[in-house]
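> okay, here's the prediction I keep looking at, along with the sequence it came from:
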Amino acid sequence: MYPTYKNLNLPEIDKDILRFWEEHQVFQKSIDQRSDVENFVFYEGPPSANGKPGIHHVMARTIKDLFCRYQTLNGKRVERKGGWDTHGLPIELSVEKELGITKEDIGKSISVDEYNQKCRETVMMYKNEWDDITRKMGYWVDLDNPYITYDNAYIETVWWLLKRLYDKGLLYKGYTIQPYSPGAGTGLSSHELNMPGAYKEVTDTTVVALFKVEKDDKSAFLFESEEEDVRIAAWTTTPWTLPSNTALTIGHNIPYCKIKTINTYTQQPVSIIMAEALVSKWFNGKNQPEVLSQSATIAAQQLEGVRYEQLLSFGNDIEPLLGFDGQFHTGAFRVLVGDFVTTEDGTGVVHTAPSFGADDMRVAKANGIGALTLVDKQGKFRDTVGEFSGRYVKNYKDDPDWINVDVDIAVQLKLENKALNVAKYVHNYPHCWRTDKPVLYYPLDSWFIKASAAKERMYELNKTINWKPASTGEGRFGKWLENLQDWNLSRSRYWGIPLPIWRTADGAQEKCIGSMDELKAEIEKANRQLGLNQQAPADMHRPYIDEVVLVADNGVAMRRELDLIDVWFDSGAMPYAQWGLDLEKLKNGADRPFNAPFDTMYPADFIAEGVDQTRGWFYTLHAIAVMAFDSVAYKNVVSNGLVLDKEGNKMSKRLGNAADPFETIAKFGADATRWYMISNASPWDNLKFDTAGIGEVQRKFFGTLYNTYSFFALYANIDNWAMDEQNVMPYDRRSELDRWVISKLYSLVAEYHEAMDDYEPTKAARAVETFVDEHLSNWYVRLSRRRFWKGEMSDDKQAAYQTLFECMMVATQLSASLAPFFADWFYRNLTNPIREKAKANNTPLRHESVHLTNLIQPEPDKIDKELEQRMDYAQRISSLILSLRKKENIRVRQPLQKVMLPILDERFIAHIEGVKDLILAETNIKEIEYVTDTAGVISKKIKPNFKTLGKRLGKHMKAASTIVGALSQENISAIEKSGAYLLEVEGETFDLTLEDFEITAEDIPGWLVATDGPLTVALDVTLTPELEAEGIARDLVNRIQNIRKECDFNVTDRIVVTLQRHELVVPAVEQFSAYIMGETLADSLQLSDSLAAGEEVEMAEGVMVRIGVERV
RNA sequence: AGUCCCGUAGCUCAGGUGGUUAGAGCGCUACACUGAUAAUGUAGAGGUCGACAGUUCAAGUCUGUCCGGGACUACCA
């Protein structure tokens, strides 16, 4: 017996199937039963378990899961090792929040040891939620043996990779300008700077400062008289950097000029140099100085090298900077030329303070300029800055009495005739996401990976990766690679992988450690040489590792560089670190000394994450693979878009519009949720998540499949029918309709494989949906219903059952990757009754789960495109006829005598003959008559074929269109007959053939006509008494069936019918009683003059007839 | 600021290489069907295809410039 259900309950199915999978270890079996020579390699991007899973994780993991399941069904072995990302600032932050401490407490009120211990505990805070959502959404991933980035074995592999890069000369220590948070006491990564809300709109005091030009040979041309006061104007939004100014930078192609004016603050005459394009911005406006005279254009080259007086001098020495020429320089107060200067705002001259801007540093180093760093790491002026000493440049201490030093500097400049303009300016500025204070750009020592050296190779290898969508790979990722900067690896933090580099105090000697064995050997060496008694720490984290002292070749002690490495390196190292180092291979100096099964698991065939990982995980995987092994890390990558709320807003906990994945799945089931997410839009488009859409999927797709099954089960149980896999009726013995749906089915299989192989899950899901809904349910089943309930078992009935079974079976397989629960439930409903037999015979349905079966493969010879074309005609013609019936208000139960089809093409007749019976049955019509144009009754419409004619006629097309449209019926007939036409248009002639026209039948005068493209039908709506009687007979069948149903009779119960003698029904009973009795399973049909019992039903408008129905 | 994605019916989306009535589903309205019935069919209303230019005989489709939504990246003075 096939199980039947009252209604479809997807969440309930989830639970049952989940239990089944776990009890029978279906996931494990699905991997084990495949050979490991047919690997499909998947990498899991590790989530961090210190945040709760959201609906967007369900999206990302659905994509991962469905391709892995597809490949499994397709015969591949797909291992899915899970992983956890355990390091990084978010974890540190949540610990600090929980403990109520700040960075400064670490090492004071809490030891680094305790702090890291707390991080280790906290990182798995939501592991249970993650495990739970993983199960409930049906994501198959191995969570029993995950890789964890804080494990020693993982860290050791990361060290090995770093050493490999180190040995290739790709690691270096550099002094660079980085975003730095004085409040937090640490540098910030670009990732942190881009956290939501980091960029805030702030109002800053801006100054156009005036730098007095020193008169010498170089600058002499700027002076018209001995006493002229010539100054260069430069704009800044950070006046606190002005004391640290050591240069001015101009742009090479920017024209400059000199303006004579009166300073509005001091009323003194002054000559000001700035970009010509910006003069109008600062002069002649309201409250602005007036231009007294303007010089001719001054080229940047003339200004380059001009010297000026220091703006605010406090007697500090210029700090030497290592120039690009390899020498240290202390040059200062010169005009430089840089490529980053624009005339979009400011004055076309950039105030340059090398310590507080990356551009500034670069241009200074290129030109032998030194620096002044007059602000310390706490964010306050050093003691040597006169009246500004000790003042915080921003309110980093939350001091209520804090006074903005920018304003004081501006005031001083005004008084000293050194300011052209002081104003408030609103702009976006990055803030530290932890302290909420503005970031400082500050020179810091840090370790870099010379990613720029591998830029070309990364770009080249990227071209071999299949990106979905392609634009992300070429555009966002490709462009990023083209302009690749070195990777800042250092983080001055506590909870992360320590940098494995030891240095002597003078930095002259250093050593990079690549494994635990190496570390142990080096420790022993140090113990011997330095007389220490150290042991390798059991935990490779800080603070233990910091205590290890190694020894340099010259016998000097070396200490570890205190930095940690960027957590992004952790995740990018997972292809190797998830397996760990193989000590044997390591000893033998293998190129890739990683534990098995690394060699068969690299690179990945497929990875997927959100598009926000493009420059995150996708990059770090690629960068490490290219730099360490000159390889790609993955061959196919799907980057999915965001999940937004239904209004299109970003989901956030703060706004309360974030969908809870647990709630959603509990309410709609995992499958409907998954199906909705994938079928609604391509995964790389943003999804406007609306649960109404899940409901729709539930009804439309799952409901339809369920209905189809219920229908099947109802009759299969009555007929005691079961699939006999070893005795299948050949297709050529099945009906046209059967062969049609089989053809459609295999067309679907081909389309499905193509889409899935191309990583286009949306196309695949939609194709399955269309088949199930339109072809299987709304055509095949609807037209076949009668075959299932009519009479005893026959070949035709067998064929119908087998065909329907096959369609459902394949639809299940094709749904299994995306809707794993429902598909398995469906599969088991269909196949459980024959499982034992299938096992005995070793036939395909022996598997206990659809996820253990072998996916149906495309079989081109089962596809009959001609047949599909025929059926398409049948469907469209039926539609046309039904629409005519509707228009004339003739119910479908009322038979009609005939329909006429104009024939435009001889092949058409053959096509229609094949599906004639279906059309006649569907539309309740007796016969089809083909009409050829010789009958002269059809009026036709003619149009030029724009595709063929456009190229030939070119600009005459418009005129030709008018001429062709005006052709008469006779002209059209002539063209059809001769197949040729001489077109004369605008003085030119063209030889046209039949192909150059589109001729359609438009109308048959006197008939009821409808058209759809090339198809036209004309309906004969004449009703004879006999047709009317037959119509009434069918109405009677309908009413009796309704009564049967109301009385809750079984489908197989036999009845006797008594009918009130009414003039409307008498002819029907006289002529069609056998038909009526056959249809309603009636043993007798009596007319009665006085029927008191029974039910009164309406036979026609206002005509009531009494019908008595009794079970035998 | 740069790079990329998106903008087609009230909503969610289709619309190879440009070709003349721009489609589907949902929703709405009306009618029909009724041995799949919390399903199904037919019909109707609903579109200046984000805007403006350009290329072309012909643009939803190609090019450019904007506008709106979003993501990522950034050293912006």
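Yep, that arrived.
> distance of A:P543 relative to RNA strand B?
Applying CB to the nearest atom of the strand, to the nearest Å, the value for A:P543 to RNA strand B is 30 Å. In this view, the C-beta of every residue, glycine as well, is placed from N, C-alpha and C.
> state the number of residues packed around that residue.
Neighbour count for A:P543, taken as other CB atoms under 10 Å: 16.
> so is stretch A:976-988 next to RNA strand B?
No: judged by CB under 7 Å from any atom of the strand, stretch A:976-988 makes no contact with RNA strand B; its nearest approach is 11.2 Å.
> to clarify, my last question referred to stretch A:631-651.
Yes: counting by CB under 7 Å from any atom of the strand, RNA strand B has neighbours in stretch A:631-651: A:641-642, A:646, A:648-650.
> filter those residues down to the buried ones, PyMOL style.
Typed into PyMOL, the line below selects the buried ones among those, using 16 or more other CB atoms under 10 Å:
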select buried, chain A and resi 641+642
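> now the two most distant members of the residues of stretch A:631-651 next to RNA strand B.
A:G641 and A:K646 (15.1 Å; CB to CB).
> if we can go back for a sec, save the residues of stretch A:631-651 next to RNA strand B as CSV, and put in pLDDT and secondary structure too.
CSV is the format used below for these (pLDDT from 0 to 100; DSSP: H, G, I helix; E, B strand; the rest coil):
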residue, pLDDT, secondary structure
A:G641, 84, coil
A:L642, 80, coil
A:K646, 74, coil
A:G648, 71, coil
A:N649, 72, coil
A:K650, 72, strand
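> make TSV out of the residues of stretch A:631-651 next to RNA strand B and add distance to A:A300.
Shown next, in TSV, are the residues of stretch A:631-651 next to RNA strand B (distance: CB to CB, whole Å):
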residue	distance to A:A300
A:G641	45
A:L642	45
A:K646	54
A:G648	47
A:N649	47
A:K650	44
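> ok, now which ones touch the residue nearest in space to the middle of chain A?
By CA atoms, centre = their mean, the mean C-alpha position of chain A lies nearest to A:N640, the distance being 1.3 Å. With contact taken as CB atoms under 8 Å, 6 or more residues apart in numbering, A:N640 is in contact with A:59-60, A:63, A:608-611, A:683-684.
> out of those residues, name the ones that lie in strands.
A:608-610 (DSSP state E).
> RNA strand B: which of those is nearest?
A:G610 (7.8 Å; CB to the nearest atom of the strand).
> quickly list what the closest one is bridged to.
Applying DSSP bridges to A:G610 yields these beta-bridge partners: A:N640.
> rewinding a little: reformat the contacts of A:N640 as CSV; add pLDDT and distance to A:A153.
Compiled in CSV, the contacts of A:N640 are given as follows (pLDDT from 0 to 100; distance: CB to CB, whole Å):
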residue, pLDDT, distance to A:A153
A:M59, 90, 32
A:A60, 90, 27
A:I63, 93, 29
A:A608, 92, 26
A:E609, 88, 24
A:G610, 84, 28
A:V611, 80, 32
A:P683, 87, 34
A:W684, 86, 35
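> check those against RNA strand B, which are close?
Answer for those near RNA strand B (CB under 7 Å from any atom of the strand): A:611, A:684.
> okay if I get the contacts of A:N640 as a markdown table plus distance to A:Y709?
A markdown table is the format used below for the contacts of A:N640 (distance: CB to CB, whole Å):
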| residue | distance to A:Y709 |
| --- | --- |
| A:M59 | 28 |
| A:A60 | 31 |
| A:I63 | 28 |
| A:A608 | 32 |
| A:E609 | 36 |
| A:G610 | 36 |
| A:V611 | 38 |
| A:P683 | 29 |
| A:W684 | 34 |
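> mind putting the contacts of A:N640 in JSON lines, distance to A:P575 and neighbour count included?
JSON lines is the format used below for those (distance: CB to CB, whole Å; neighbours: other CB atoms under 10 Å):
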{"residue": "A:M59", "distance to A:P575": "24", "neighbour count": "23"}
{"residue": "A:A60", "distance to A:P575": "19", "neighbour count": "23"}
{"residue": "A:I63", "distance to A:P575": "19", "neighbour count": "25"}
{"residue": "A:A608", "distance to A:P575": "15", "neighbour count": "28"}
{"residue": "A:E609", "distance to A:P575": "14", "neighbour count": "23"}
{"residue": "A:G610", "distance to A:P575": "19", "neighbour count": "22"}
{"residue": "A:V611", "distance to A:P575": "21", "neighbour count": "19"}
{"residue": "A:P683", "distance to A:P575": "23", "neighbour count": "27"}
{"residue": "A:W684", "distance to A:P575": "24", "neighbour count": "19"}
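> considering the contacts of A:N640, which is situated nearest to A:Q302?
So of those, ranked by how close each gets to A:Q302 (CB to CB), first place is A:V611, at 48.4 Å.
> just the pLDDT at the residue in the stretch 401-550 of chain A positioned nearest to RNA strand B, thanks.
Nearest residue of the stretch 401-550 of chain A to RNA strand B, counting by CB to the nearest atom of the strand: A:G475, 2.6 Å away. Confidence at A:G475, expressed as pLDDT, is 74.
> and it, which of the three is it?
At A:G475 the chain is in helix, as set by DSSP: H, G, I helix; E, B strand; the rest coil.
> mind listing what's buried in stretch A:786-803?
Of the residues in stretch A:786-803, those buried (16+ other CB under 10 Å) are A:787-788, A:796-803.
> cool, and stretch A:707-723?
A:708-709, A:711-713, A:715-716, A:721, A:723.
> now do stretch A:689-696
A:689-691, A:693-694, A:696.
> now tabulate those in JSON lines and tack on secondary structure and pLDDT.
As requested, the buried residues of stretch A:689-696 are exported to JSON lines (DSSP: H, G, I helix; E, B strand; the rest coil; pLDDT from 0 to 100):
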{"residue": "A:F689", "secondary structure": "coil", "pLDDT": "86"}
{"residue": "A:D690", "secondary structure": "coil", "pLDDT": "84"}
{"residue": "A:T691", "secondary structure": "helix", "pLDDT": "84"}
{"residue": "A:G693", "secondary structure": "helix", "pLDDT": "85"}
{"residue": "A:I694", "secondary structure": "helix", "pLDDT": "87"}
{"residue": "A:E696", "secondary structure": "helix", "pLDDT": "84"}
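> just to revisit the earlier point, for the contacts of A:N640, which one is nearest A:T297?
Nearest member of the contacts of A:N640 to A:T297, counting by CB to CB, is A:V611, at 47.0 Å.
> what's near enough to touch the closest one?
A:V611 touches A:472, A:476, A:639-642, A:684, counting by CB under 8 Å, 6+ apart.
> how far away is it from A:G641?
6 Å (CB to CB, to the nearest Å).
> mind listing the shared neighbours of those two?
A:W684.
> partners of A:I925 in the sheet?
Assessed by DSSP bridges, A:I925 has beta-bridge partners A:L896.
> and it, what is it in contact with?
Here A:I925 is in contact with A:881, A:895-899, A:919, A:1019 (CB under 8 Å, 6+ apart).
> now do the strand ranked longest in chain A: which elements does it pack against?
If you go by DSSP E, chain A has its longest strand at strand A:199-212. If you count contacts as 3 or more CB pairs under 8 Å, 6 or more residues apart in numbering; DSSP states H and E, strand A:199-212 packs onto strand A:230-236, helix A:405-415, strand A:419-430.
> please identify the most buried of the ones you listed.
Neighbour counts (mean count of other CB atoms under 10 Å) averaged over each of the helices and strands packed on strand A:199-212 peak at strand A:230-236, with a mean of 24.
> just after that strand, pick out the following helix or strand.
Once the chain leaves strand A:230-236, the next helix or strand it forms, by DSSP states H and E, is strand A:247-251.
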